[in-house]
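the following block contains a protein sequence and its predicted model.
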Amino acid sequence: MCPSQAAQRPPMFRQAGFSLPIAVFILVIMALLAVGIAQLSSRSNLSATHEELSNRAFYAAESGASWAMSRLFFNASGPADTTHSNLECTAIGASSNLSFSQAGLYSCSAVVSCVSQSGSNASYYTINSQGSCGTGQVQAIRKLEVGAKNN
């Protein structure tokens, strides 16, 4: 009886096809890791962009509220009084749109509104300011409300 050919080969040649599946397995694992790292990096960049736009939108809203407060309480012709402040609150109206072109707030805007209420011996003002930066999916909106009193 003749011994089979597999039995005649030396032991090192019997496992010749074993390294190919291991190499394919390692390549697949490395490809999955690369895809995962790329997605993580993309999400991280998007998160940083959203955080930056959120901060800029807050500062746009704060700038809008400061603009409205300066219109209410700083009269160019003299000290602010209730009549001046009421007229300015009406001038700000239901909403005023501000667009910023400065480097820090470029492409941001603020929508500002003012509501006045008169009390027994003072006027009360509520200023709402909504700042927004960015467009589409990469957009941030922040709202700010400020209360003020003028005797």
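Cool, the structure landed. Residues are numbered from 1 along each chain as shown.

all contacts plus neighbour counts: C-alpha atoms, from now on.
Noted.

what stretches of the protein score poorly on pLDDT?
By pLDDT under 70, the low-scoring segments of the chain are 1-16, 75-83, 93-95.

at 90 what do you get?
Low-confidence segments of the chain (pLDDT under 90): 1-22, 40-50, 68-107, 115-125, 134-138, 148-151.

so in the protein, which helix runs the longest?
Counting residues, the longest helix found in the chain (DSSP state H) is helix 19-73.

roughly how far out does that one sit from the chain middle?
Helix 19-73 sits 9 Å away from the centroid of its parent chain (CA atoms, centre = their mean, to the nearest Å).

return the list of helices and strands in contact with that helix.
helix 82-92, strand 108-118, strand 123-135, strand 138-150 (3 or more CA pairs under 8 Å, 6 or more residues apart in numbering; DSSP states H and E).

now for those, which one comes closest to Q39?
Closest to Q39 of the helices and strands packed on helix 19-73, according to CA to CA: strand 138-150, at 17.2 Å.

how about that closest one: buried residues?
140-144, 150 (16 or more other CA atoms under 10 Å).

show residues contacting that strand.
Residues outside strand 138-150 that contact it (CA atoms under 8 Å, 6 or more residues apart in numbering): 49-50, 53-54, 57-58, 61-62, 65, 81-82, 85, 122-134.

same thing but at 6 Å, please
Strand 138-150 is contacted by residues 53-54, 57-58, 122-133 when judged by CA atoms under 6 Å, 6 or more residues apart in numbering.
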